[in-house]
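1. I'd like to go over a predicted model; first the sequence, then the structure.
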Amino acid sequence: MEGALRDLIRIKSVNLRDEKIDFAPHGFAFLGIASSIPDLGIHSGDVFIWHAQAGILPITKSEVIRFGMDAPSGLHIILSERIVQSDCYSVESFEFRILEPDEISTWVGRAILSGDLVASARNISTTDEPVRKFVNNDSFEKVLVLKPSIEINAWSSQRGMAGFSSTPIILTARIWSVSGDLLGPDGDREFGEWSIIEDPWSQTVSLLQDSQNLQQAPVLRSFEPPVKNWVTSDRIFEEIAKVIGERRRGNSGERSESGTVRSMLLQNWPLDHGSTTLGSHAIFIPGWLINLETEMILHGRNGRLYDI
């Protein structure tokens, strides 16, 4: 986590300097001094940035007091992966602010979803039922996430909703790599390759139009959809074929006065079942866990709410 925090601080702070200071409190790693951190509402004056690594024990009031005894003059920001006891905030001997684990997760998550920060996800294995010809898709070396289509502040404002907390999460989905032939009405064949998104949350199958909508998946809490929401193996080709098949103008129709043929017919170019190869890989959809009257999942692509 410290590496991700260093990257985030470098991106989000102004005039970050890695200066040496004669102060090394136990349990706190010095990340640098910045002139400001607008993301955290700090717009002027030098701020000392520290990281408290994850641990079993919480940060206590006495630990904060010891920190402040020799701390240089100025504001100190502590990014804590440890739980913080509430009485720590009663210390007034020096100027400090602590970002607790939930606040750090939210900050990092927002930076990842906005594309400012990229983090690796742990390898995730999926057990797919056999579907006709199944291949391992080696082109996806890392698990990917779609970019969000909504911005949560705009989403809440449009609905007159405010005052709820939100935490970035990722939702499990599947990407299908499809190769095969489209069959023309006269026996013509046209080979193609497609990427298909299976979204079990909205229960839709759709064509991925632009690979730029994908980015490396962050290490965030993930949620699995109900098992019944996945398309079954005996239906997946049918659902994919509906998305890939095309209707094109044919070469026959009425002849105009100039002698040219004006096509009036649309001809089907379906996906050929026999030539099709399918392979699937895990993918994620961005989202938020929001607290209304109960916790609900906000889908980062369609803006709909789902029960946990």
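-> Structure's in. What do you need? Residues are numbered from 1 along each chain as shown.
2. Would you map the strands across the stretch 1-150 of the chain?
-> For the stretch 1-150 of the chain, strands defined by DSSP state E, counting those that start in this stretch occupy the ranges 29-34, 47-52, 75-80, 96-99, 133-134, 144-146.
3. Give me the helices and strands touching the last one, please.
-> Identification of packing neighbours for strand 144-146 by 3 or more C-beta pairs under 8 Å, 6 or more residues apart in numbering; DSSP states H and E yields strand 166-183, strand 214-216, strand 277-291. No exception for glycine: its C-beta is placed from N, CA and C like everyone else's.
4. So which bits of the very next helix or strand once past that strand are buried?
-> From strand 144-146 onward toward the C-terminus, using DSSP states H and E, the following helix or strand is helix 152-158. Across helix 152-158, burial judged by 16 or more other C-beta atoms under 10 Å covers Ile152, Trp155, Ser156.
5. now do stretch 191-210
-> Quick answer for stretch 191-210 (16+ other C-beta under 10 Å): Ser195, Ile196, Ile197, Glu198, Asp199, Pro200, Trp201, Ser202, Val205, Leu208.
6. Dump these into JSON lines; add distance to Asp7, secondary structure and pLDDT as well.
-> Below are the buried residues of stretch 191-210 laid out as JSON lines (distance: C-beta to C-beta, whole Å; DSSP: H, G, I helix; E, B strand; the rest coil; pLDDT from 0 to 100):
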{"residue": "Ser195", "distance to Asp7": "29", "secondary structure": "strand", "pLDDT": "91"}
{"residue": "Ile196", "distance to Asp7": "33", "secondary structure": "strand", "pLDDT": "94"}
{"residue": "Ile197", "distance to Asp7": "29", "secondary structure": "strand", "pLDDT": "94"}
{"residue": "Glu198", "distance to Asp7": "32", "secondary structure": "strand", "pLDDT": "96"}
{"residue": "Asp199", "distance to Asp7": "30", "secondary structure": "strand", "pLDDT": "96"}
{"residue": "Pro200", "distance to Asp7": "32", "secondary structure": "coil", "pLDDT": "96"}
{"residue": "Trp201", "distance to Asp7": "30", "secondary structure": "coil", "pLDDT": "96"}
{"residue": "Ser202", "distance to Asp7": "33", "secondary structure": "coil", "pLDDT": "95"}
{"residue": "Val205", "distance to Asp7": "36", "secondary structure": "strand", "pLDDT": "96"}
{"residue": "Leu208", "distance to Asp7": "28", "secondary structure": "coil", "pLDDT": "89"}
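7. Switch the residues you listed over to CSV; also include distance to Thr276.
-> Output for the buried residues of stretch 191-210, formatted as CSV (distance: C-beta to C-beta, whole Å):
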residue, distance to Thr276
Ser195, 14
Ile196, 12
Ile197, 17
Glu198, 16
Asp199, 21
Pro200, 22
Trp201, 26
Ser202, 24
Val205, 14
Leu208, 17
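8. Just the closest of these to Gln53, please.
-> Ranked by distance to Gln53 (C-beta to C-beta), these are led by Trp201 at 34.6 Å.
9. ok, now which ones touch that closest one?
-> Going by C-beta atoms under 8 Å, 6 or more residues apart in numbering, Trp201 touches Leu171, Ala173, Pro225, Asn229, Ile285, Ile297, His299, Tyr306.
10. Much appreciated, bye for now.
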